[in-house]
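**Student:** With the sequence up front, the predicted model follows.
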Amino acid sequence: MSYVEELFSIKDKVAFFTGGGGILASAISEGLGKAGAKIVLTDINEKALMNQVEKLKSMGITAEGFVMNALERENVKEVAEKVKNMFGKIDILLNAAGGNIPEAVTSDKVTFWDLPVESIQKVVNINLFAGAIIPSQIIGKMMVENPEGGVIINFASMSSFRPLTRVVGYSAAKAAVANFTQWLAVYVAKEFSPKVRVNAIAPGFLITNQNRYLLLNEDGTLTPRGKAVIEHTPMGRFGEPEELIGTIIWLASPASSFVTGAVIPIDGGFNAFSGV
């Protein structure tokens, strides 16, 4: 193994995904699997989950799948214990669970004053509690008890830096995910183990099941919002899920051994562009 290969190696590392049946997690799981990691996918959507597990296995990747509700602490604990018994450890936690719902989005017809609080709460629960806090409580504790430590990677957003219009619950939750990432990184390093690192990626605009209706019309053309996004992205296009893999491997490998508490934009320049 060359120096560079060793530096970025995640061979035989056990990578545990929440939201594993989603578009982003699916692409990343394939990338990590090709790099030699053992993949554990969890998701509340059994069909999407098992389809991806079978795809990984067909590629020769070691993969297991568990139906799991990341909002239910005991369910997460039960699954995590099964994985620990199966592989002996969990090296990488990828908190990919998240998303948005139309009921928590403002529009020409629905103002913020009219949004059901329950809908906003649901989005915050999905992205903050299921998407970061609860899995980190369970698996983070396992990592601090492991002499080798581990890596937690949260999924932030462009909304983590500046709130995006219309998506009030999502913006609030993703800002909280970025803040929580920094808080947990400091807490774990100072109170338990500097060998457990906590970082986040902040994907720019990639087409997913959750945002498709906001960015694309039914005929595939750009919505006004989609056009605004492209105009504000210096690289002039949407990102591809596969373009997240390199950063994830860097964060999960020894190459980033002194990186913790960071939120890394992967956005084609969107966050850096002021618009002028």
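**Tutor:** Now that the structure is in, tell me what you want to look at.
**Student:** Quick one: the strands in this structure, in order.
**Tutor:** 14-18, 38-43, 63-67, 92-95, 150-155, 196-203, 263-266 (DSSP state E).
**Student:** need those in TSV with mean neighbour count and mean pLDDT, can you?
**Tutor:** For every residue, glycine as well, the C-beta is placed using N, CA and C. TSV is the format used below for the strands of the chain (neighbours: other CB atoms under 10 Å; pLDDT from 0 to 100):
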stretch	mean neighbour count	mean pLDDT
strand 14-18	27	98
strand 38-43	26	98
strand 63-67	20	98
strand 92-95	28	98
strand 150-155	26	98
strand 196-203	25	98
strand 263-266	19	98
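**Student:** Could you export the ones you listed as JSON lines, including distance to F8?
**Tutor:** Below are the strands of the chain laid out as JSON lines (distance: least, CB to CB, whole Å):
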{"stretch": "strand 14-18", "distance to F8": "14"}
{"stretch": "strand 38-43", "distance to F8": "17"}
{"stretch": "strand 63-67", "distance to F8": "21"}
{"stretch": "strand 92-95", "distance to F8": "13"}
{"stretch": "strand 150-155", "distance to F8": "13"}
{"stretch": "strand 196-203", "distance to F8": "15"}
{"stretch": "strand 263-266", "distance to F8": "15"}
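**Student:** Pull out the buried positions in the helix of greatest length in the chain.
**Tutor:** Counting by DSSP state H, the longest helix found in the chain is helix 168-191. Neighbour-count burial for helix 168-191, with 16 or more other CB atoms under 10 Å as criterion, is recorded at 168-178, 180-182, 184-185, 188-189.
**Student:** Dump it to PDB, keeping only the CA atoms.
**Tutor:** The C-alpha trace of helix 168-191 is given here as PDB (Å, rounded to 0.1, in the frame of the first residue of the first chain):
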ATOM      1  CA  VAL A 168     -38.300  27.400   7.700                       C
ATOM      2  CA  GLY A 169     -38.200  24.100   9.600                       C
ATOM      3  CA  TYR A 170     -35.500  22.700   7.500                       C
ATOM      4  CA  SER A 171     -33.300  25.800   7.700                       C
ATOM      5  CA  ALA A 172     -33.700  25.900  11.500                       C
ATOM      6  CA  ALA A 173     -32.900  22.200  11.900                       C
ATOM      7  CA  LYS A 174     -29.800  22.300   9.600                       C
ATOM      8  CA  ALA A 175     -28.400  25.300  11.400                       C
ATOM      9  CA  ALA A 176     -28.800  23.400  14.600                       C
ATOM     10  CA  VAL A 177     -27.000  20.400  13.100                       C
ATOM     11  CA  ALA A 178     -24.000  22.500  12.300                       C
ATOM     12  CA  ASN A 179     -24.000  24.000  15.800                       C
ATOM     13  CA  PHE A 180     -24.400  20.500  17.400                       C
ATOM     14  CA  THR A 181     -21.500  19.200  15.300                       C
ATOM     15  CA  GLN A 182     -19.200  21.800  16.700                       C
ATOM     16  CA  TRP A 183     -20.600  21.300  20.300                       C
ATOM     17  CA  LEU A 184     -20.200  17.500  20.200                       C
ATOM     18  CA  ALA A 185     -16.700  17.700  18.700                       C
ATOM     19  CA  VAL A 186     -15.500  19.800  21.600                       C
ATOM     20  CA  TYR A 187     -17.400  17.900  24.300                       C
ATOM     21  CA  VAL A 188     -16.100  14.500  23.200                       C
ATOM     22  CA  ALA A 189     -12.500  15.600  22.700                       C
ATOM     23  CA  LYS A 190     -12.300  17.400  26.000                       C
ATOM     24  CA  GLU A 191     -14.400  15.100  28.200                       C
END
